[in-house]
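Q: Attaching a predicted model along with its sequence, questions to come.
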Amino acid sequence: EAGVTQFPSHSVIEKGQTVTLRCDPISGHDNLYWYRRVMGKEIKFLLHFVKESKQDESGMPNNRFLAERTGGTYSTLKVQPAELEDSGVYFCASSTLGTGFNEQYFGPGTRLTVT
Amino acid sequence: DAKTTQPPSMDCAEGRAANLPCNHSTISGNEYVYWYRQIHSQGPQYIIHGLKNNETNEMASLIITEDRKSSTLILPHATLRDTAVYYCIVRVLTGNQFYFGTGTSLTVIP
């Protein structure tokens, strides 16, 4: 079974440009999460989808970030326009729905460098 | 935010047990203790979780004190591949996000 995949693995863009990160969750996982670690900081939650609906977007830093999950499968996270402080590693995770503990499986992350 | 305190770094000799402590003195009755680890350039990986009883799986053991204010993750026979940052997290069972904190950087030494 394929794990969570993320594309690209590394992106280098200039300040002011736009970047779109993609996450493909494990097949059948309705929960999808985005996290990020900016330089020198902890891994922080960004938002949570249940299928195509945003369940919790309390961690989104500002309106330059837009996440979508059309059709409830893969998700994209767009940063527009990118700023220097957006540099870091963006992780995606997915899990099944249901009561009880559902392990979050993380992807390898996308390293974003804004110059 | 993170409700746990962990030492920033630890070393362990290869083949020996690695004991990683975690303090969570403000843990609530319905919060579980989770452990994840992040090996360099990979995403975080689930290790184990527990409520109040000690837990063991193929990767590790989790020892939770009776008052639940602290716990210890035990890797019984550390290998070089266990070198990683280990995160102790408290959260309700069906919560959404994980608060990762700063973790403990474990280095397994040959």
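A: Looks like it arrived, so ask away.
Q: near chain B, which residues of chain A?
A: A:4, A:33, A:35, A:42-45, A:48, A:55-56, A:59, A:91, A:93, A:99-109 (C-beta under 8 Å from any C-beta of the partner chain). Placement of C-beta: from N, CA and C, glycine included.
Q: Count the residues that sit near residue 19.
A: With no chain named, the answer covers chain A. 20 (other C-beta atoms under 10 Å in any protein chain shown).
Q: Actually, chain B is the one I wanted.
A: Counted with other C-beta under 10 Å, the neighbours of residue B:19 add up to 15.
Q: And for the one 3 residues further on?
A: Look at residue B:22: counted by other C-beta under 10 Å, it has 25 neighbours.
Q: Then residue B:86?
A: Count around residue B:86 with other C-beta under 10 Å applied: 23.
Q: Next up, identify which helix or strand the residue of chain B found nearest chain A is on.
A: Residue nearest to chain A within chain B (C-beta to the nearest C-beta): residue B:43, separated by 3.1 Å. Using DSSP states H and E, residue B:43 sits within no helix or strand.
Q: That one and residue A:92, how far apart?
A: 8 Å (C-beta to C-beta, to the nearest Å).
Q: What of residue B:4?
A: 24 Å.
Q: who has more neighbours, the two?
A: residue A:92 (29 against 23).
Q: Give me the mean pLDDT for the helix or strand that the more buried one is a member of.
A: For residue A:92, the element it lies in under DSSP H and E is strand A:88-95. Averaging pLDDT along strand A:88-95 gives 96.
Q: all strands in the chain, in order from the N-terminus.
A: Here I'm looking at chain A. Secondary structure of chain A (DSSP state E): strands at A:5-7, A:10-13, A:19-24, A:31-38, A:43-50, A:53-56, A:65-68, A:75-79, A:88-95, A:105-106, A:110-114.
Q: that answer is for a different chain, and I need it for chain B
A: Counting by DSSP E, the strands of chain B are B:9-13, B:18-23, B:31-38, B:45-50, B:55-56, B:61-64, B:70-75, B:84-92, B:104-109.
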